[in-house]
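>>> build me a structure from this.
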Amino acid sequence: MIQNYITIAWRNLLKNKAFSVINITGLAIGLSCFILIALYVADELSYDKHFKNGADIYRVNSDILFSGNESRLAVCSDPMGETLKKDYPQVLEYTRIYASSGSKLVKKGTDYITENNVCHADSTFFKLFSLPLLSGDPVTSLSEPNTVVISASTAKKYFNTTDAIGKYIEADKTPYKVTAVMKDIPLNTHFQFDMIFSMKNVNYQMGNFLSHNFHTYVQLKSGVDPVEFEKNFVQVIDKYILPQAGQFMNIKSMDEFKRAGNNLSYSLIPLIDIHLKSDRFPELSTNGSIQFVYIFSAVALFILLIACINFMNLSTARSANRSKEVGIRKVLGSNRSSLIKQFLSESVIMVIISLVIAIILTVLILPYFNTVAAKQLSSSSIGKGYVLAILLALPIVVGVLAGIYPAFFLSRFQPLAVLKGNQNSRFKKSWLRNGLVVFQFSISIILIIGTLVIYQQLNYIQTKKLGFTKEQVLLVSGIGGLNENAGAFKNEILQLPGVSSATITSFLPVSFSSRSDNTFSTEAVMTPKNSLNMQTWDIDYDYINTLGMQMAKGRNFNRDFGTDSSAMLINEATAAILGFKDPIGKKIYTRNNLNSGDLTPTAYTIVGVVKNFHFESLREQIGPVCMRLGRGGWIGCFKVNTQDIPGLIKQVEHKWKTMAPSLAFSYRFLDESFDNMYRSEQRMGSIAFSFSLLAILIACLGLFGLATYMAEQRIKEIGIRKVLGATVTNITTMLSKDFLILILIATLIAFPLSWWAMNNWLQGFAYRIDIEWWVFIVSGILAIAIALITVSVQAIKASLTNPVKSLRTE
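Model (predicted):
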């Protein structure tokens with residue numbers, strides 16, 4: 001019996017080639033989109049789940065509100081982990097990661113290479129993070145100073161072998177002994193390190209609860225409620241933090257601190273949630289977004305539903321063609337259940353064929369998708385995990401979902417009615433079919449509007465006045481490795497034609513640049529009411545000019561003023577918080593040596609106010625920042641004004657090689673670093689655009705199929721109308737207007753839903769666009785135009801048919 005179902009199903013597919021091609025094409029595209037997004041979502045959800053005790057590991061987050069400046073930090077103080085383990089038995093172990101040192105200059109032969117994926121970590125690092133080692137002891141590998149654990153690829157890079165135990169690596173002119181070699185850290189990990197140095201080499205005064213620079217992780221006992229455990233942080237603040245704060249700031253209790261409008265709290269975030277649910281500062285790498293996962297999952301389901309709706313609509317639309325077949329089968333003794341099985345088998349077979357094509361399409365498209373999504377997904381992942389389980393279930397689930405309604409719809413035909421030819425009117429009266437068309441195009445219009453809004457926001461980001469000039473600024477990394485020759489290199493480059501100004505710094509107004517915060521007060525005696533926490537950047541005399549920043553009041557640093565060593569520049573946000581009517585000439589105080597326990601205040605005189613500039617993503621409000629004269633820096637910034645950029649870069653590289661032949665030359669442009677801050681939104685826009693086009697294509701395939709069968713069913717009516725004098729325009733209008741009404745209804749449904757969804761997305765940006773009315777009009781007109789073109793092609797074809805051919809059977 002099953003073989004008979006399959007044989008008949010195959011014959012029907014071959015008999016109705018146009019129907020089969022439309023349905024299989026739509027299903028294949030829909031399934032391919034579903035598989036691609038399933039691979040993407042599976043990869044996003046897999047982050048950090050490969051660690052043995054990952055479900056019990058948490059990172060300690062800090063939330064600080066101080067003088068109106070809010071900081072949401074992914075780091076906390078260095079003694080926090082040790083304190084939690086010592087005072088609370090619920091904590092099994094802790095470890096810290098110190099990545100504030102940034103990159104390291106590592107020697108290879110006679111050359112030096114800048115390594116960016118480096119950190120310092122406690123000896124307990126491998127107790128919490130069960131990264132497999134190729135050699136070495138995970139317990140003792142980082143217990144001594146001047147030790148380092150390197151990845152397998154790093155071992156091959158520096159020693160041409162993974163057998164590197166006992167060998168030495170020179171980093172920042174300090175020799176480190178290789179004590180272990182680990183496998184390369186999996187890409188689905190929220191940190192990526194090639195070199196992990198001992199925490200005992202960190203040049204930092206430990207024991208300070210008031211400075212937050214360490215990513216701290218704790219492993220709780222299995223079964224401990226993290227929300228309940230978080231309540232212990234109140235005790236930690238009272239017992240350890242307040243006494244230290246009271247030494248330099250007159251604070252007697254947290255209530256007093258809060259009454260001044262401030263707050264301090266700590267929380268735990270599960271390790272497995274960091275990648276998708278954390279957007280704090282500073283993250284160890286660029287995180288994903290659970291919002292994107294939800295959006296893309298919904299898009300995948302919607303595209304699959306659109307493809308299934310096509311099948312349902314086209315199958316029921318073909319009811320006139322198969323109604324007599326059903327009538328004859330029933331007259332010959334077929335019962336309804338056998339007919340349902342027959343139609344479902346046809347549906348499942350079609351889905352299986354579509355799935356095979358979809359898998360081939362996925363394998364072909366995957367490299368492009370990886371480029372757009374910044375992933376390294378492999379086609380082998382299709383046959384692994386729950387992606388494989390989904391693929392095995394798809395033929396049954398989608399086959400039944402898409403075929404269940406047509407099967408029941410067709411099998412309930414009454415033999416007498418269909419053999420008399422009275423069943424055709426059902427096609428025109430199908431409210432369900434019309435509703436499904438409305439659903440398809442509602443989703444398509446929502447995707448169009450979403451794509452337009454995303455691109456508008458990205459364009460706003462690119463064109464918004466940032467308070468600094470990001471174009472034509474060449475950044476040369478590793479200039480600090482030149483040591484005393486850094487200034488000479490800067491002066492050499494300034495002599496080149498096309499270079500107008502230069503500065504050396506480690507602080508840039510883009511994310512993943514160096515950051516340093518400090519607490520200042522308006523009086524020598526610091527209190528909660530007269531103090532604020534702000535970014536503190538060390539710059540040189542040429543920083544403001546090179547980055548195109550503007551002075552709102554006062555002056556820039558000047559070599560003619562010897563007192564500028566104790567001068568300070570602040571931004572407008574700082575001036576507003578300080579509350580001075582005229583901040584020029586006013587003094588602010590800080591404790592530069594807080595880590596060493598020296599509480600003597602250092603005074604700075606404000607000499608200028610810089611106009612506000614964005615130094616973080618536009619998701620964040622502009623916060624307070626101050627700048628003071630400082631020496632050194634890791635990045636050389638050069639303002640260039642030339643059309644021959646490649647030629648200038650070659651000249652800069654030549655100067656570099658002349659001064660430092662052993663140091664690798666590395667450069668980028670400031671606008672590239674700025675764009676990197678919005679890579680996730682750019683990827684989202686590209687992916688949304690691609691899937692919007694595919695969703696519209698699938699919907700149009702279905703619309704084309706419906707128009708085809710509608711024209712077939714009304715072929716005699718069209719013939720009579722033409723004999724009576726109807727023009728091609730009259731007939732095209734008649735066939736198109738019903739679909740036009742459906743698309744108009746779809747636009748009315750899509751507009752409020754898309755506004756709600758995109759308005760919620762925009763709330764994630766402190767600086768954002770307003771959704772303009774024309775976005776909805778353009779999207780609606782676009783959807784209507786596409787639908788009309790699709791329907792009109794078939795309508796015009798039907799109207800041009802010779803009426804003699806359509807009426808000769810009468």
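>>> in this structure, which residue is closest to the centre?
Central residue of the chain (CA atoms, centre = their mean): residue 680, 3.4 Å from the mean position.
>>> in what helix or strand does that one lie?
Applying DSSP states H and E as the criterion places residue 680 in helix 679-713.
>>> who's in contact with the residue nearest to the centre of the chain?
For residue 680, the contacting residues are 286, 288-289, 292, by CB atoms under 8 Å, 6 or more residues apart in numbering. Any C-beta I mention is one placed from the backbone N, CA and C, and that applies to glycine too.
>>> strands of the stretch 601-750 of the chain, start to end?
602-610, 625-629, 635-640, 666-669 (DSSP state E, counting those that start in this stretch).
>>> quick one: distance of the helix holding residue 680 to the chain centre.
Centroid separation for helix 679-713 versus its chain: 24 Å, with CA atoms, centre = their mean, to the nearest Å.
>>> mind listing what's buried in it?
Counting neighbours by 16 or more other CB atoms under 10 Å, one finds that the buried residues in helix 679-713 are 680-692, 694-713.
>>> same deal with stretch 276-293?
276, 278, 280-284, 287-289, 292-293.
>>> ok, stretch 454-466 next?
For stretch 454-466, by 16+ other CB under 10 Å, it's 454-458, 461, 466.
>>> where does the stretch 301-450 of the chain dip in pLDDT?
For the stretch 301-450 of the chain, the stretches with pLDDT under 70 are 315-336, 339, 383-387, 401-403, 405-430, 432.
>>> change it to 80
With pLDDT under 80 as the threshold, the stretch 301-450 of the chain has low-confidence stretches at 308-348, 372-374, 379-434, 436.
>>> residue boundaries of the helices in it?
In the stretch 301-450 of the chain, the segments counted as helices under DSSP state H, counting those that start in this stretch are 319-331, 336-373, 385-411, 415-420, 425-428, 431-463.
>>> rewinding a little: the buried residues of stretch 276-293: which two are farthest apart?
Largest separation among these by CB to CB: 282 and 293, giving 22.8 Å.
>>> and the strands in the stretch 201-350 of the chain?
Using DSSP E, counting those that start in this stretch, the strands found in the stretch 201-350 of the chain span residues 212-220, 263-270.
>>> how about the stretch 1-150 of the chain?
In the stretch 1-150 of the chain, the strands defined using DSSP E, counting those that start in this stretch lie at 57-66, 69-73, 76-77, 91-98, 104-108, 111-115, 118-121, 133-136, 147-151.
>>> what's in contact with the second one?
Right, the one you point to is strand 69-73. 61-65, 212, 280-282, 517, 532-534, 577, 623-624.
>>> can you tell me which two in those are farthest apart?
Among those, the pair separated by the greatest distance (CB to CB) is 61 and 577, at 23.9 Å.
>>> what about residue 440, distance to residue 740?
Here the criterion is CB to CB, to the nearest Å. By it, residue 440 lies 15 Å from residue 740.
>>> between the two, who's got more neighbours?
Using other CB atoms under 10 Å as the criterion, residue 440 and residue 740 rank with residue 440 on top: 28 against 14.
>>> how about the contacts made by the more buried one?
Per CB under 8 Å, 6+ apart, neighbours of residue 440: 306, 309-310, 698-699, 702, 746.
>>> give me the number of residues near the closest residue to residue 673 other than its chain neighbours?
Of all residues not flanking residue 673 in the chain, residue 510 sits nearest, at 4.4 Å (CB to CB, 6 or more residues apart in numbering). Using other CB under 10 Å, residue 510 has 21 other residues around it.
>>> cool, residue 795 as well?
Counted by other CB under 10 Å, the residues lying close to residue 795 total 24.
>>> excluding chain neighbours, what is closest to it?
Leaving out its chain neighbours, the residue that sits closest to residue 795 by CB to CB, 6+ apart is residue 735, at 3.9 Å.
>>> the one you found and residue 715 touch, don't they?
No: with contacts defined as CB atoms under 8 Å, residue 735 does not count as touching residue 715, sitting 11.1 Å away.
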